[in-house]
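S.K.: Curious how this folds, go ahead:
(one chain, ligands or ions: 1)
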Amino acid sequence: MSEQNATQESMHIDPYERNWIRISIILLIVFAAAVTIAGFALGFQVPSPEERVDPNNLTGPWENPGLRELSPGVYDLYIIGNATTWQFEPREVEVPVGSTVSFYVTSTDIQHGFKLQDTNINMQIVPGQVSKLTYTFDEVGTYDYICTEYCGVGHAAMFGSLTVVEK
Ligand code: CUA
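M.R.: The predicted model follows:
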């Protein structure tokens with residue numbers, strides 16, 4: 001066997017393995033494309049850890065959670081989830097159509113989820129941390145928010161609704 005043949009022999013990749021390497025590379029390209037398209041074309045948002053708070057002593061806006069109108073049609077919405085009452089507080093919110101709402105959500109006790117149906121708002125809610133996402137409501141209707149992470153016996157009761165009404 002010549003030296004060149006010996007080198008080729010040591011580089012030999014089984015056809016079965018080579019196909020799986022190809023499939024793996026194709027999958028990586030598909031995943032990268034999916035994240036890129038979701039991020040730039042479909043409005044995919046990653047919830048930001050907005051700030052740290054003391055879950056045992058929520059102060060400032062958290063003492064009276066709910067809507068704050070910053071300017072006409074622009075709102076901050078503070079929501080607390082907790083496993084003492086198995087509720088989101090507030091449980092009902094109403095805004096006029098066209099409003100841009102920034103959701104600030106935290107927990108006083110254990111980990112919860114917060115998903116606003118029919119929107120791209122979907123966050124993990126961690127005690128001690130505030131999760132934030134923003135959405136503009138261009139259509140009238142009712143958007144239910146639900147806890148999406150199993151948090152105990154009252155998990156199924158953790159829901160609320162945001163109603164978008166005509167101006
Ligand atoms: Cu809170 Cu599930």
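
S.K.: Can you tell me what sits against stretch 156-167?
M.R.: Residues outside stretch 156-167 that contact it (C-beta atoms under 8 Å, 6 or more residues apart in numbering): 77, 79, 81, 86-88, 90-99, 101, 112, 116, 137, 139-147, 151. C-beta: built from backbone N, CA, C; applies to glycine.

S.K.: Next, please give the residue ranges for the strands of the protein.
M.R.: 48-52, 66-71, 74-82, 87-89, 92-96, 100-107, 112-116, 122-125, 129-136, 141-146, 159-165 (DSSP state E).

S.K.: which outside residues touch the second one?
M.R.: Strand 66-71 is contacted from outside by Pro61, Tyr75, Asp76, Leu77, Tyr78, Pro90, Val93, Val95, using C-beta under 8 Å, 6+ apart.

S.K.: Just the CA atoms from that strand would do, formatted as CSV, please.
M.R.: Output in CSV follows, covering the C-alpha atoms of strand 66-71 (Å, rounded to 0.1, in the frame of the first residue of the first chain):
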residue,chain,number,x,y,z
GLY,A,66,-52.1,47.0,37.3
LEU,A,67,-52.1,49.5,34.4
ARG,A,68,-50.1,52.7,34.3
GLU,A,69,-50.7,55.0,31.4
LEU,A,70,-47.4,56.6,30.4
SER,A,71,-48.9,58.6,27.5
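
S.K.: Return the set of buried residues in it.
M.R.: For strand 66-71, a neighbour-count test (16 or more other C-beta atoms under 10 Å) marks nothing as buried.

S.K.: how far is that strand from where the chain is centred?
M.R.: 21 Å (C-alpha atoms, centre = their mean, to the nearest Å).

S.K.: and the end-to-end length of stretch 67-81?
M.R.: 15 Å (C-alpha to C-alpha, to the nearest Å).

S.K.: what's the spacing between the longest helix along the chain and its chain's center?
M.R.: The longest helix of the chain (DSSP state H) is helix 15-40. Here helix 15-40 is found 24 Å from its chain centre; the criterion is C-alpha atoms, centre = their mean.

S.K.: No further questions, thank you.
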